[in-house]
Every structure is written in structure tokens, then in C-alpha cells.
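Colleague: Just to be clear, the model below is a prediction. Sequence and coordinates:
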Amino acid sequence: MAETRNEFLKQVAAEALATAAVTFLLSFLLVGFDTVSLQGQALTFNTRFDAVAWAVALVTAGRVLMALDRHGLHWPILVFGSIFAAYFIFAGVCGVLGYPAYDNLPKPHFDQPMALVIFGIAAVIIVGLSLAGRRTRQIHAMSSEQRKAIEATSASRGYLFLKYLGPTLIVFALALPLFANQKWVDALVVALTFVALAWGLNIVVGLAGLLDLGYVAFYAVGAYTYTKMSMYFHLDFWETLGFAGIFAAIFGIVLGFPVLRLRGDYLAIVTLGFGEMIRVTMLNWVDFSNGPAGINNVPYIDFFGIPFKRKPEEGTESFHTLLGIDYSTGQRLYFMYYVVLVLSLIICFVAVRMRKLPIGRAWEALREDEIACRALGINPTNTKLTAFAIGASFAGLSGAFFATRLGFVSPDPFNFELSAMVLAAVVLGGAGSQVTVALAALVLTIVPIVMLDLVHYRMLVFGVVMVLAMLWRPQGIAGHRRPTIWLHGKKNQPLTASEGEALA
Amino acid sequence: MNFPYFLQQLIDGITRGSVYGMVAIGYTMVYGIIGMVNFAHGDVFMIGAFNALIGFLILAALGFSTTPFMVIVQILIVLVIAVCFTAVYGWTIERIAYRPLRGSSRLAPLISAIGMSIVLQNFVLLVQGSKPKPLQPLITGRTEVPVPGGSVSVSYVQMLVVAATVIFMAIFALIISRTSLGRAQRACEQDMKMVRLLGINVDRVISLTFVMGAALAGVAGLMVTLIYGSVNFYMGFVAGIKAFSAAVLGGIGSLPGAMLGGILIGIIEAMWSAYFKTEYQDFAAFAILVLVLIFRPTGLLGRPEIEKV
Amino acid sequence: MTATKALPPELRPAPDPDELLCVDHLTMRFGGLVAIDSVSMVAKRKQITAIIGPNGAGKTTVFNCITGFYKPTMGRVALYSTPGEVPFLLERMDGFRIGQQARVARTFQNIRLFGGMSVLENLMVAQHNKLMHASGFTVLGLVGAKSFRRAEAEAKDRAVDWLKRINLIRVADSPAGSLPYGDQRRLEIARAMCTDPVLLCLDEPAAGLNPRESAELNNLLKSLRDEFGIGVLLIEHDMSVVMGISDHIVVLEYGRKISDGDPAKVRNDPAVIRAYLGEDA
């Protein structure tokens, strides 16, 4: 750095002051005053200025460390970051394990032990990012040949990893029920339903670039279609599953037709509005949906016509009687697990296949440049509607599965929060790779289970991660795209721009 | 058809609508200058309401009395508090979540905005809890105005809200048309590259736009605490969608359009809950948004956009 | 043929079978501004027609009206894609249908390639409609039917032919956005040709090209005209391209046509000289 030491310190000091002032203004009212509303009493408050002080101190310190790091002074962030991380993780673990020493350790006002652990992990990540940043700067300082070589190897390594990770995970998932207990299998059923949703939305948002913020509406349509049809017509799961998908697809076409010509932001808001409209309707149309109380006794899943009942009705078989074994709740559970696994794999397969077909290429082209597509004679409305309808049908199938899993359906779960979570999975995973989207979806479902006490923190962390993911990799959606057709033979790596230049 | 009842709903609607309009102005100003829907703006409004609420609590604890004169003083002080503190939120959000993404695709800033909205909601949920916070109404009292068919009661709060709206609209109109900032904003809406070439700090103009929008959202938050006396962490979500509908209805990019749209939506809402089922009033707001975007995307006062090929 | 006489005038086949595009009193108004005023011209098959004129003359507006990006205020644009048959009335058609049914292809002033997709993929997307049909609207494609795979292989071969023709075969798998400017222009033209058009509209194809590249472009356009028998309509400022290859030139100024004829006639037309060089030239 060519700056003099004084200038440098002045700059950092100015940054620190600004950061402290802004953090203070942001936190003084909302954090400093804890409003308390008790029954029958007027609203009062307690002060929490210590929390404000912690916030200002932490944020300013973090900013100073990062500024120093940016200007070339790396040891403060590594040292202090590590100390901070270690302390917080230690304190948090003490609290989680219930050691009495925990109470005496200084900690910020929100002293949930798990939260401290999370702060600690966040600090570790920040330190890691600073190290990664240094490596990036080193790479940029190298010659362009060296850089291309490094880019190529890391890209190919990354791609090979993902390529083999996918099948590995599938084999693992198939074998899982053999050695996991029921609680885990149940958790995975939930997780896989979410993965199916993410893969479905990946077609709409990732491939076709249509920002759908109301995807949950189709999930709801599938769930309610299954519920109503199976209960009204006395059909079983397999007979109504197809209808759930078809109805959701029809809904997709009906909702999509008037709005798909709107530009990105507008489409997002409108689809959000649709999602909310459906939720409000289900909440209030009590005759149809029984309102917030929900509909009970939704038929459970059956083994292709044979129910999983402990005591089958007169003259009918149940699954366990057919096989001549004892009844156990696990039977239905394991069957559901495999059904949802196969369902999501089918969705995955269809998505991967379609990408290579003309329709998939048209989706991606539409996402790149709609005007050019029109000039090539591609019908944008029909193309978008196809993506929308297919995505909707997958959500519908997942919705039917959701309803049958619990035997109960209510409007509560079909809210914007769920739409946002599915979108987060697609965004974080990055379109183009089914594997990363699935991983992101799994992480997003597993983490809340782990953080069960911290359900409030969970959404906060989601939001923060969404923002950070965009700041880190804004082109995450169009990240490293692999072409769908090759001339010069498949390579084991996605194309990087510098490679393209080298070839040209 | 009961005329006084109808008029009562109309007044109620205009009051609500003024609040929506003030929030809508924030949406429309930001969209006009950088072409982005600030998804988190509704939650900035919610934070403004909380700031106002806490401001009132502080003043009460400091012993401000509730004589009419002191009430006005309190409102003025809390106005300053709400505007300043909420403006900082607006500025920070732009700096952290939007400015770094300004060059990239349409999708990235929108998702960042959604993430920010979630962060704001859950931040307030964590620090203030999930229960709605009821505040003792500061201004009570209404007057009866005789009209053909009976009389209509107008509360002082409603009059205050409308008066404040008119004043702030006038201030903003002056800023946009007379000050150099306003000129720079209008120029940025037309051709940002050129503005940069002329040596104007475009980043600052954009920041100030966000700040102005957030400040107005702070005022709207104050109004809401006075009218309804209750705030909760989730109010930004629905209010935001309604305010955005108002901005679209009035013509995105047009300030008077945003206020007009807000008032229209307020009136429609009031009429709907008076004459039809209240539970579906949110539904009505969403439906208006969808219909406007389908049939007249440029809104009532907006300029039609011509695609540059 | 009595059948022909019964049709209304605008739907009758063109008297001259070489007429490909017939623009008739085309007018485009934006609010109070008249961008083009009653412009009429004819572009013939197997000919290169250039539209030239000073900036702001309305050239791109004419283009956009022909290719469906603007709906003209008045006038008719008839495309006789098959000689002797009823024409397509382009001013009434949806944008994409002009490419899909009337087979009019265009390139853009600002190059609109699918930058994130590979060069080969860009050419495959251009053959979308044919391939969609062959894939049975995706169903046949999903099950891997042989007829679809054959169609896809044919499309790929076609794309490869074009890549060889424009000398981009080595970079077939590179992202289109990573190509140098001149290559991108050629790719855009090849992509337009992959839609199998009868009329190719090029918006300033020589913009930003150096003299050698312009000469290559001339050869490419002439080969398109000669080998494929299509009509080429182009907007251009580069006079070496215009005078070098055009069979027919239309000159616009302030939204009106001021000259129309072969290069020799237009070059010496006093109205044209005045428009470009001013009164005293």
C-alpha cells in the first residue's frame, strides 16, 4: 500500500466511526428498548442498552478487522477472529451441555447457547472467507496462464465431485432405511418432499428464469385436490395422484397465461399475490377447506390399493396380512420414504432430460434474451407456460404426497415463508446442477431440525444467507452452466470464459 | 344506500389510503430511478411504526403530559425520531444489499431484497417479540359533521393524517421539481450513464432516494401508530404488497400516481369491508394488483414504455 | 385465374413473382412524432436490398415494423414467401409468428446472442420449431424416440455446416459471449439462417467491423443470396458494403423515402447527395 501509515489509520478510524454510528442508530430504539405488553396493562418497556453496546462493539470490531485485512494487514482478523470464534463456541457448548460455568461467562444479551455457537461458526466462516479472499488476490496477481490452469483444474475438480456425488447420494438414499431409525426416516421424508419442490421450482426459476414467488399455491392445489377427491370419491392415493398433478398444471396455465408476459419483478410480485390469494381463500372458504381447523382423516398412502391398516376391514386385506407379518407403523413410513424418493428422482430425471430437449433449450434461451427468441420464431408465451405448468404439476404431486403423509391438511403451511424457502434452495443451489439444488434443499430442512429451539433464528439466518449468497455469487442462478450438446466431445468441466477466449 | 355511512367509509378509506400512498411513494421513487422493486420497503415501514411506538413510550416515560399542546409537541418529536431512525435503515439496506448488485441481473437484487425483508421481519420478531404492541391512543376525540341524511364523524387523527399527507406531498413535490437533487433524480430516471458523465455522484443520488422513501415510510409508520395504536412485526408484509399495488395502480414512476393509487386502494378496502366480507379485503387488494398488471401495466398516470430493440 | 380476382387487392399474389416483400404506405407514429411517413418499397427475391439514410431517418423503425417489433400506425407489409400464393400480412402478425410462419429472420444492431450458451447451442435453438415438431412437443423426446434423435442429428449437422461456413468450428463449444466481436456478428447471421428464412433482415451488420471483416461480410452476404436464393434486406451506414453488394437501394430521410433504385442511380441522385452532404455539395 502506497499510503502513509497515518492516512491508513485515519481511513480505518473513519470507517470505524461511521460503522459505530450507523449500528448505534439502527439498534438504539429497536434493540435498546424491549417493549412489554402484558394483559390488562399499558405498554411499557425495559432497557437493554448492554445489547446495544455489544452490537455496536461487535459490528465495529468486525468492520475494522475486515478493513485491516483489505489493506493488507491480515493477522488481526485471523487472530481476533479465531479467538472470538473459539470463545463463543466454547461458551455456547458449555451452555448446551449445561455446565454451571456458563452462567458466569460474559455474553451478549441473547444468551441462547445454540445462538452463541452459531455466532462462533459465523466468525469461523468470516475468517475462512478472509483466507479465501487472500488466495483470490494471490491468484489475480499471477500470470494469466497460471490463472487459467488453476481455474480449469478447480472447475474440473468441482465438476467431477458433483458428478459422482449425485449417484453416491442416490445409492445412499436407497440403502438408508436399512440402518437408520424411524425418526430419521421420517425427517428425510420431509426433507425429500422439499427437495422435490426445489427441483420443480428449479425448472421454472432456474431454467426458464421466471421468478415465481407463489410456488406454494400449486403445492396447496395438489394437497387439496388429493384430499377432496379421495374423500369425496373414496379413491385411494394412487388413483388420485395423477389428478393432483393435472389440476395443479391447469392452475399453472390459468394463473400463468395472463401474467407470464410481465417483466421479472412484476411477475414475482404477481405470483406472490396469487400465492397469498389462494391462502386467504383456503383460510376463509370454510365450506371447502374447513378453514384454519383443517381437514382430518385424509386417507393415508396405500400399497397400490392395499391399505396399511392395523386392523383391516371385514373381507379386505391389509399390507401386513398380505405378507403374513405383524403390523408395524414403520411399514407405511418406509413405503412413503421410497415413494417420495422415487417421485423426486422422476422429477429430477424429467428436468435433466428436458434440458437437453428443444423445449429446455428454449427455456434457457428465453431466460437469456426473450427478444432474440421472438426473432427466431419461438413462441415466448407457450414456452413459458410449459415451464410454469410442468413446475406446477410437480408441486401438485408433492402436495398430494404432503397431504397423505400427515393425514391432515390445513392452509397454514402454504404461506410465503415456504415459497421463499424453496426459492432460497434453488438460488443457493444454483440452477443447472440438480445435485447442488438438492444439497441446498437438504441443508435448509435439516438445519431447522437441528436448531429446533431457535426457530426464530432460523428464518433470520435464512434471510442473511439469501442476501450473502447474492452478494457472493449474484450470477448463482446462471453460474457455471454446462452446455447441453457438444461438438468436440464431452469435457469433464464446465466452460470458463477464459477457456473460451483461449480457444477462439 | 345510506349516504352518511357511505361517506364515513369514504373518509376512513382516504385516511388508510394516505398511509398506503406514503409507503407507495417509496416504492415508486426507487423503481423510477433504478428499475427495481424494493421488496423490503414494506418492512421498513413496519420498522418506522416500531420506531414511532418506542418514541412515544420514551416520551411517556420521560414524563411528557398529554395536554393537547404537549400531545402536538410529542407528535413532532416522535416525527423527527421516526424519520431519522427509519431513514438510516433505508440507507443501510441500500448500501449493504442493493448497491453491490447494481450491475448484475434483474434476479439478484430482487432475491437480495426478499432476503432483506425476511431479515428485517425476523430481527424485529427477535428483539421485540411476536405479540402485537398496543399503544394508548394519544389523540382521541372526533367531531360530527352534518351531511345530507345524517352526520358523519371525523376523528382528529384522520384530519391530522390527511393534513400531514398533504404537507409531505407538497414538500416532496418541491424537492423533486426545485432542488438540484430532484433534478438529478429525474435525470437519472432518464439516462443514468449520461448523468454519471456529467460528474454527478449517481451513487449518492440513489442513496438519497432510498433515504427519502424510508423517511416517508417512517412518517407513515407514525401515522399508523396514531390511527390504529397497534404494531406487530408482520404488518410490513401485507402493507407492502398493498402499497406496491397502489404504486402500480397509479403508474409506477409517478409520485402523484402513487398517492392516487394509495387513496384508491384505501377506499376500495374500506368499501369492501363495509359492504362485503372483511376477511377477503386483503384478497381484494391482491386481486387489484393482478388485474392492473394484466390489463393496464402502466397504471393510471404512468408513461407507456416502448421497448428498445 | 378467376380465383385470384375474387380476392381483395391486398391478398392477391404479387404480379411479379420475384417480389418478396412489398411495403405499402407504411407509417409509424409515436404520439405526436411521425417516425416514418408513408414509405413504400419493394424487396425482391435473390436480391440484396439496402435501406440507407442519415441518422434518425427511420431505418430501424421500418425494420421493426417489418419484423413485428412495432405495430405500424398505417400501411401494409406483405411478404410473398411462396411465389404465386397469398402473402403474409406482417403488420398484423404477432412478433414471433413472423419468424415462425412467414420465415423472416433478423439480426440486431446490438447483437443479441445467447451469451451464456455455447456457439453450437445458439444454432440449435434457431432450429427450435422444427425440432419441437420432431420431438412430438417433447413427448417423443422424453422417451428417446429414434425419429427425434435423427432429427436432432440432422439439425446438428446443419449447425456444423454453418459453423464451417463462417469459420467458427473450433469454438463450437465455447460460450457465445466469449467470442470476439466480428465472430459474434457472423454467428448471429448464421443463427438467423438456421431458421431457414425466405427474407433475411440485417440491422447494421457491418457496424464495428474493420475493412477486412467488411469484405468477408460482403462475400458472405453475396453467397447467401446466390446459394440460398433468399432476399436480403439490410440497414447499413458502411458505403463500401452498400455499394459493393446491393442490387437495390432505398434511401430514407426524416421518415420519408427520397430515392429508390440501383446503386448507380442512387449514387448520382441529387436528393441523396443533398441529404448526406448538405445543400452545397
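Modeller: Perfect, I can see it now. Numbers count the residues shown, from 1 in each chain, chains lettered A, B, ... in the order given.

Colleague: Can I get stretch B:231-250 in PDB, CA atoms only?
Modeller: Extracted C-alpha coordinates of stretch B:231-250, given in PDB (Å, rounded to 0.1, in the frame of the first residue of the first chain):
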ATOM      1  CA  VAL B 231     -48.000  -2.600  15.700                       C
ATOM      2  CA  ASN B 232     -46.600  -6.000  15.100                       C
ATOM      3  CA  PHE B 233     -43.600  -7.400  13.200                       C
ATOM      4  CA  TYR B 234     -45.700  -8.800  10.400                       C
ATOM      5  CA  MET B 235     -47.600  -5.700   9.300                       C
ATOM      6  CA  GLY B 236     -45.000  -4.800   6.800                       C
ATOM      7  CA  PHE B 237     -45.600  -7.700   4.500                       C
ATOM      8  CA  VAL B 238     -49.200  -7.100   3.700                       C
ATOM      9  CA  ALA B 239     -49.000  -3.400   3.900                       C
ATOM     10  CA  GLY B 240     -46.000  -3.600   1.500                       C
ATOM     11  CA  ILE B 241     -48.000  -5.600  -1.100                       C
ATOM     12  CA  LYS B 242     -50.900  -3.100  -0.900                       C
ATOM     13  CA  ALA B 243     -48.600  -0.200  -1.100                       C
ATOM     14  CA  PHE B 244     -46.900  -1.700  -4.100                       C
ATOM     15  CA  SER B 245     -50.300  -2.300  -5.700                       C
ATOM     16  CA  ALA B 246     -51.000   1.300  -5.100                       C
ATOM     17  CA  ALA B 247     -47.800   2.300  -6.800                       C
ATOM     18  CA  VAL B 248     -48.600   0.100  -9.800                       C
ATOM     19  CA  LEU B 249     -52.200   1.200  -9.900                       C
ATOM     20  CA  GLY B 250     -51.200   4.900 -10.000                       C
END
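
Colleague: In that stretch, which of the residues would be classed as buried?
Modeller: B:231-233, B:235-237, B:239-250 (16 or more other CB atoms under 10 Å in any protein chain shown). Using the backbone N, CA and C atoms, a C-beta is placed for each residue, glycine as well.

Colleague: Against chain C, which of those make the cut? List them.
Modeller: By CB under 8 Å from any CB of the partner chain, no member of these lies near chain C.

Colleague: mind listing which of the residues you listed are in helices?
Modeller: The helices, defined by DSSP state H, take in B:235-237, B:239-250 from those.

Colleague: What is the nearest of the residues you listed to B:Ser18?
Modeller: B:Ala246 (10.6 Å; CB to CB).

Colleague: Was I right to think that closest one contacts B:Ala24?
Modeller: Yes: assessed by CB atoms under 8 Å, B:Ala246 is found in contact with B:Ala24 at 4.0 Å.

Colleague: got any residues that touch both of the two?
Modeller: Residues touching both B:Ala246 and B:Ala24 (CB atoms under 8 Å, 6 or more residues apart in numbering or on different chains): B:Ala258, B:Gly261, B:Gly262.

Colleague: so can I have JSON lines of those showing neighbour count?
Modeller: Converted to JSON lines, these look like this (neighbours: other CB atoms under 10 Å in any protein chain shown):
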{"residue": "B:Ala258", "neighbour count": "34"}
{"residue": "B:Gly261", "neighbour count": "34"}
{"residue": "B:Gly262", "neighbour count": "30"}
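
Colleague: just the strands in the chain please.
Modeller: Let's take chain A. A:33-36, A:44-47, A:302-303, A:306-307 (DSSP state E).

Colleague: Hmm, no, I was thinking of chain C.
Modeller: Under DSSP E, chain C gives strands at C:19-30, C:33-44, C:48-52, C:74-79, C:88-89, C:104-106, C:199-203, C:231-235, C:248-253, C:256-261.

Colleague: most tightly surrounded among those strands?
Modeller: Among the strands of chain C, strand C:104-106 has the highest mean neighbour count (mean count of other CB atoms under 10 Å in any protein chain shown), at a mean of 28.

Colleague: That one pairs with which strands, parallel or anti?
Modeller: strand C:199-203 (parallel) (DSSP bridges).

Colleague: Averaged pLDDT, the partner strand. What do you get?
Modeller: Here strand C:199-203 scores 94 as its mean pLDDT.

Colleague: Also stretch B:117-133?
Modeller: 89.

Colleague: Now do the buried residues in that stretch.
Modeller: B:117-129, B:133.

Colleague: and that stretch, how far out from the chain's middle?
Modeller: Offset of stretch B:117-133 from its chain centre (CA atoms, centre = their mean, to the nearest Å): 19 Å.

Colleague: Alpha carbons only: can I get it in PDB?
Modeller: The C-alpha coordinates for stretch B:117-133 follow below in PDB (Å, rounded to 0.1, in the frame of the first residue of the first chain):
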ATOM      1  CA  SER B 117     -37.300  -8.400   4.000                       C
ATOM      2  CA  ILE B 118     -37.000 -11.700   5.900                       C
ATOM      3  CA  VAL B 119     -34.100 -10.400   7.900                       C
ATOM      4  CA  LEU B 120     -36.000  -7.300   8.900                       C
ATOM      5  CA  GLN B 121     -39.100  -9.100   9.900                       C
ATOM      6  CA  ASN B 122     -37.300 -11.700  12.000                       C
ATOM      7  CA  PHE B 123     -34.900  -9.100  13.500                       C
ATOM      8  CA  VAL B 124     -37.900  -7.300  14.900                       C
ATOM      9  CA  LEU B 125     -39.500 -10.600  15.900                       C
ATOM     10  CA  LEU B 126     -36.400 -11.400  17.900                       C
ATOM     11  CA  VAL B 127     -35.900  -8.100  19.600                       C
ATOM     12  CA  GLN B 128     -39.500  -7.200  20.200                       C
ATOM     13  CA  GLY B 129     -41.400 -10.400  20.300                       C
ATOM     14  CA  SER B 130     -44.300 -11.700  18.300                       C
ATOM     15  CA  LYS B 131     -47.200 -10.200  20.300                       C
ATOM     16  CA  PRO B 132     -48.800  -7.100  18.800                       C
ATOM     17  CA  LYS B 133     -48.000  -4.000  20.800                       C
END
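
Colleague: what sits up against it?
Modeller: A:30-31, A:34-35, A:37, A:43, A:110, A:420, A:456-457, A:459-460, A:462-464, A:466-467, B:39-40, B:42-44, B:46-47, B:50, B:53, B:89, B:230-234, B:236-237, B:240.

Colleague: Can you flag the buried ones in the residues you listed?
Modeller: A:30-31, A:34-35, A:37, A:43, A:110, A:420, A:456-457, A:459-460, A:462-464, A:466-467, B:39-40, B:42-44, B:46-47, B:50, B:53, B:89, B:230-233, B:236-237, B:240.
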